[in-house]
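J.: The following comprises the amino acid sequence and a computationally predicted model.
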Amino acid sequence: MNRLLTIALVLCVSTGFAQKSKMSFERLKALKMSYITEKIGLTEAEESVFWEIYDAYEKKIYVDSRKKIKNLRKNFIKSKDSISNEEAYGVIQKINELEHIALELEAERDKELIQKFSAHKILKMHHAEYYFNREMLYKMKKKE
């Protein structure tokens, strides 16, 4: 527990010195890991198993879904004024399919985690993820 608080403190202090620079993906990931680990109450032994499974699925979700959605949206922005209604409908369908894939992968991840941990801890993980995302959005809005 002390180790997590130390990591969180170091990250918070370093963000103060960074001022208006963008947060790196690795730093955000470390913040999320410490936040979720603390909220779930994982032991050091549980931590390695949990994050191995969680990270594997996060990478799959990113590659199989999020990255593709990001590219679709980027392409839409470039051609938003010239895209036909049928093409726009196709993009919407593709985004919905990719979101569905992400949800299926999250469900697989939860099933695998439930085999190793209690459902109560997995529910705490969902809660922690939700509040972590809310806090990050709040901080981003506050900086603007």
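T.: Looks like it arrived, so ask away.

J.: Run through the chain and note the low-pLDDT ranges.
T.: Residue ranges of the chain with pLDDT under 70: 1-23.

J.: The longest helix anywhere in the chain: how far from the chain's middle?
T.: In the chain, taking DSSP state H as the definition, the longest helix is helix 85-116. Helix 85-116 sits 14 Å away from the centroid of its parent chain (CA atoms, centre = their mean, to the nearest Å).

J.: So which residues make contact with the next helix or strand after it?
T.: Later in the chain than helix 85-116, the nearest helix or strand by DSSP states H and E is helix 119-143. With CB atoms under 8 Å, 6 or more residues apart in numbering as the test, helix 119-143 has contacts from 20, 28, 31-32, 35-36, 39-42, 54, 110, 113-114. In short, each C-beta sits where N, CA and C put it, glycine included.

J.: Next, the buried residues of stretch 59-69.
T.: Buried residues in stretch 59-69, counted by 16 or more other CB atoms under 10 Å: 60-61, 65, 68-69.

J.: ok, back up a step: put the buried members of the contacts of helix 119-143 into a ChimeraX selection.
T.: Of the contacts of helix 119-143, the buried ones go into a single ChimeraX selection, burial set by 16+ other CB under 10 Å:
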select :31,32,35,36,39,40,42,54,110,113
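
J.: Adding distance to residue 144, write the contacts of helix 119-143 out as a markdown table.
T.: As requested, these are arranged in a markdown table below (distance: CB to CB, whole Å):
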| residue | distance to residue 144 |
| --- | --- |
| 20 | 10 |
| 28 | 17 |
| 31 | 19 |
| 32 | 21 |
| 35 | 22 |
| 36 | 26 |
| 39 | 27 |
| 40 | 31 |
| 41 | 34 |
| 42 | 34 |
| 54 | 30 |
| 110 | 34 |
| 113 | 35 |
| 114 | 39 |
